[in-house]
Structure formats: C-alpha cells, structure tokens
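In: dropping a prediction and its sequence here:
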Amino acid sequence: MRPLLDPYRRYRHARVIHAVRVSLGLLASILLTTGIHLPHGEWASVTMLVVIGGLQHHGNIGKKSAERAIGTLVGATIGLVLVVQQAWLGMPWLTYFAMAVICGFFSYHAIGKGGYTALLAAITVFIVAGHGDNPVSDGLWRGVDILIGIALALAFSFALPLYAVYSWRYNLADALRDCATIYGRIINGQPVTADEHLKLMGRLNTVMVQLRSLMPSVSKEVKISMTELDAIQRHLRMCVSTLEILGNTRPDASDPDAMAHLQSALKAEHRLIRVQLIGMARALKSGASQRLSRPVEVLPDSSLDTPVYSSLDGYRLLVRQLAANIGEMRQRLAKTSPRWNI
C-alpha cells in the first residue's frame, strides 16, 4: 500500500489514478442502475462523467458536485412543470416559447459567477422534459438517475483522492529548484541569453500561472487562506523578477577577474540563497517540514540603506534583497506547513 499512499507517487501517476477511478465509477454506475432496473440509467453514468471526468483535484469535485446538484434540482423541477402543463393544456407552442425564455434566462446567468449551475439547469430542463412531450414518470426517473450519478461521483472522489495541494507543493518545489539553478548560472557568469537559461525562465513563468490556478482548490482542501497563498505566490514572483534584473545588471561576465571578485564578494549571499531555495524545495517534496525551521547562516552586517557607490554595490544590494525575500517566503511556508503537509 505504500506506493498508493505516498503523495509524490500519486502526484506523478495522477492521470492513471484518475482514469482508473473514473472507469471504476462508471462500472459501478452501470451495475447499480441495470441491477435494480432503473429507467434511463444511462443518465447516472453521464452525470458521473460530467462531475469528475475532467476534474482530478479533490477540491474541485466537491464544488462541482454541489453546483451540479443545485442545477439539476432546479432544471428537473422546471422540466417537470413544463411536462405537466403540456399534458394539461396540450399547447406545444406555449411549451416551446416557455422553454426558449427559460433557457435564455439561464444563458444570461451562465456568463459570470454561478455560470456552471445556470448552464446545467438549462440542460437538465431538456433532459427531463424533452420538447415537453416526455411522460412525467420519465422526467422523475431521469432526475433520480442524475442525483445517483452525483452521489457516486462524490463517493469515488474519496478513493485515493488527488489533492490540488500535491500539485501546488511539487510544482512550487520544482520552481524553487529552477530559481536556484538560474541564480547559479548568473553568479557563475553563464550567458543569460542562452537557450537553456531562457528555457528555465519560460518554465518558471508557466509554473507560476499553474500555481495561481491551483490556489482556490488548495485553499478549500487544506484551509489556508487565499491571502496567505497569494503572499507565497508574491514572494516567488518577486524572486523570479529579481533574478531577471540580476541577469541583466550583472557585471561584465566576459571579464574573469570581475567574475572572480564578484563570487568572492557575494560568497555568503550565494550560499544563503542556495541553501534556502534547495531547503524549501526538499521540504515541500519530501514533507520534512522541520527543514524549514532549521537556523540558517546570517549574512555579515551590511545595511541595505547604504548609499550605492559602484555597480557591484548595487548588484550586491539586489542580491541581499533577494535573500531577504526568500527568507520571508521560507517563514511563511514553515508557518503553514501543518496544513499543506498532508
């Protein structure tokens, strides 16, 4: 069971786990609805696919299931009302007009907050009512099937759940390692216009976008406020921005003497930055959050407000600001580690 319970292995094989879980859920849905001979049982399977087919993170599934349930209940109720009035009044044109107006209303609300619920309500109206000529019993059974599909989707979402916080942790760890690699390239005089350097910077920018999209789900899963997650994201963004500035303001990399002097002058800063970046990456990946509480080397006294007299002084000022920013990020990760370390 250890490979299945290991968060990192589950993160690496997330697609396989997701595919197996959906397949088992569909099989259970088919066996249940056919075993007890539920009419229109295929809608339970359709609902399961809608709810969890494209959502692998546990934090999204609960929200989508709730939205699906609300939309289904609203749409099914309206659909049944339309079926009853069609059977009672026998005026198809009135049914068609009412359907068009109702779905237009839902479409108006489908753009913006709550759009998923509104869209599903409109779809469910047609699932239950057809064009108004479906029997009332068929409409009721389809509504029941959809609710069964939602219940099964929720049940299978708890089988080896794929938490968004796993993706957030490991992507952040990879980003911090890339930051350490880029800083090493800058301090060692390697060209910042090389394809490898540009590839690393591009990968960092991509990861920051991915981390931003994961934050709402992470907040729901582990109860870390969006404000705290945004602060961590801001420290990473500042780190990447500072690295870009350092790469473009670095003293002449073609002068060996200048680079040797630079490495000597920034030896303490370089060691501190690398230790903190790699330490945070290891803590995030391994779950050994005690690494974040270990004491780190203190930089020699040097006020950041000291007037700048040379390009090296300005460069060192940026490096020390980078070290301070990374230190603050480390403290935030240590503070929130009891929640994200699951």
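Out: Alright, I've got the coordinates.
In: all contacts plus neighbour counts: C-alpha atoms, from now on.
Out: OK.
In: now residue 84. Nearest residue, chain neighbours left out?
Out: residue 136 (7.0 Å; Cα to Cα, 6 or more residues apart in numbering).
In: just residue 229 next, same as before
Out: Closest to residue 229 by Cα to Cα, 6+ apart is residue 215, at 6.7 Å.
In: next, the buried residues of the helix or strand where the one you found lies.
Out: Assigning secondary structure by DSSP states H and E places residue 215 in helix 195-222. Residues 197, 200-201, 204, 207-208, 211, 214-222 are the ones in helix 195-222 that count as buried (16 or more other Cα atoms under 10 Å).
In: stretch 9-16 now?
Out: Within stretch 9-16, the residues scored as buried using 16+ other Cα under 10 Å are 10, 11, 14.
In: any idea how far apart the tips of that stretch sit?
Out: 11 Å (Cα to Cα, to the nearest Å).
In: need the contact list for the residue nearest the centre of the chain.
Out: Among the residues of the chain, the one closest to the centroid is residue 214, at 1.8 Å (Cα atoms, centre = their mean). The contact partners of residue 214, taken as Cα atoms under 8 Å, 6 or more residues apart in numbering, are 164, 165, 167, 168.
In: measure the residue nearest to the last one when sequence neighbours are not counted to residue 266 for me?
Out: Leaving aside its sequence neighbours, residue 168 sits nearest to residue 211 (Cα to Cα, 6+ apart; 5.9 Å). For residue 211, the distance to residue 266 equals 31 Å [Cα to Cα].
In: do the same with residue 319
Out: Taking Cα to Cα, one finds residue 319 at 8 Å from residue 266.
In: those two: who's more crowded?
Out: For residue 319 versus residue 266, neighbours defined as other Cα atoms under 10 Å are more numerous around residue 319 (20 against 17).
In: helix, strand or coil for the more buried one?
Out: helix (DSSP: H, G, I helix; E, B strand; the rest coil).
In: residues contacting it?
Out: Here residue 319 is in contact with 246, 269 (Cα under 8 Å, 6+ apart).
In: re earlier: can you pull the pLDDT of the residue nearest to residue 229?
Out: Note for residue 215: predicted pLDDT of 91.
In: just the helices in the stretch 201-342 of the chain please.
Out: 226-249, 256-265, 267-286, 311-340 (DSSP state H, counting those that start in this stretch).
In: tell me which of these sits most buried.
Out: helix 267-286 (a mean of 20; mean count of other Cα atoms under 10 Å).
In: how does this protein divide up, domain by domain?
Out: Domain segmentation of the chain under the TED database yields 7-159, 164-339.
In: can I get those domains in JSON lines including distance to residue 1?
Out: Shown next, in JSON lines, are the domains of the chain (distance: least, Cα to Cα, whole Å):
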{"stretch": "domain 7-159", "distance to residue 1": "12"}
{"stretch": "domain 164-339", "distance to residue 1": "18"}
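In: and which of the buried residues of helix 195-222 is nearest to residue 287?
Out: Residue 287 has its nearest neighbour among these in residue 222, at 14.7 Å by Cα to Cα.
In: how much space is there between the nearest residue to that closest one once chain neighbours are set aside and residue 284?
Out: Once flanking residues are discounted, residue 222 sits nearest to residue 339: 5.6 Å by Cα to Cα, 6+ apart. To residue 284, residue 339 is 12 Å away according to Cα to Cα.
In: list the contacts of residue 133.
Out: Contacts for residue 133 (Cα under 8 Å, 6+ apart) come out as 83, 86, 87.
In: go again using 10 Å as the cut-off
Out: By Cα atoms under 10 Å, 6 or more residues apart in numbering, the residues touching residue 133 are 82, 83, 84, 86, 87, 90, 92, 95.
In: what about it, which SS state?
Out: State at residue 133, reduced to three classes by three-state DSSP: coil.
In: any idea how far residue 82 is from it?
Out: Relative to residue 82, and taking Cα to Cα, residue 133 is found at 9 Å.
In: any common contacting residues for those two?
Out: With Cα under 10 Å, 6+ apart as the test, residue 133 and residue 82 both reach residue 95.
In: ok so, going back, what touches both of residue 339 and residue 284?
Out: Common contacts of residue 339 and residue 284 (Cα under 10 Å, 6+ apart): residue 333.
In: mean confidence for the helix or strand containing residue 142?
Out: Assessed by DSSP H and E, residue 142 sits inside helix 136-157. Across helix 136-157, pLDDT averages out at 81.
In: go on, stretch 193-203?
Out: For stretch 193-203, the mean pLDDT works out to 88.
In: also stretch 89-107?
Out: Averaged over stretch 89-107, pLDDT sits at 87.
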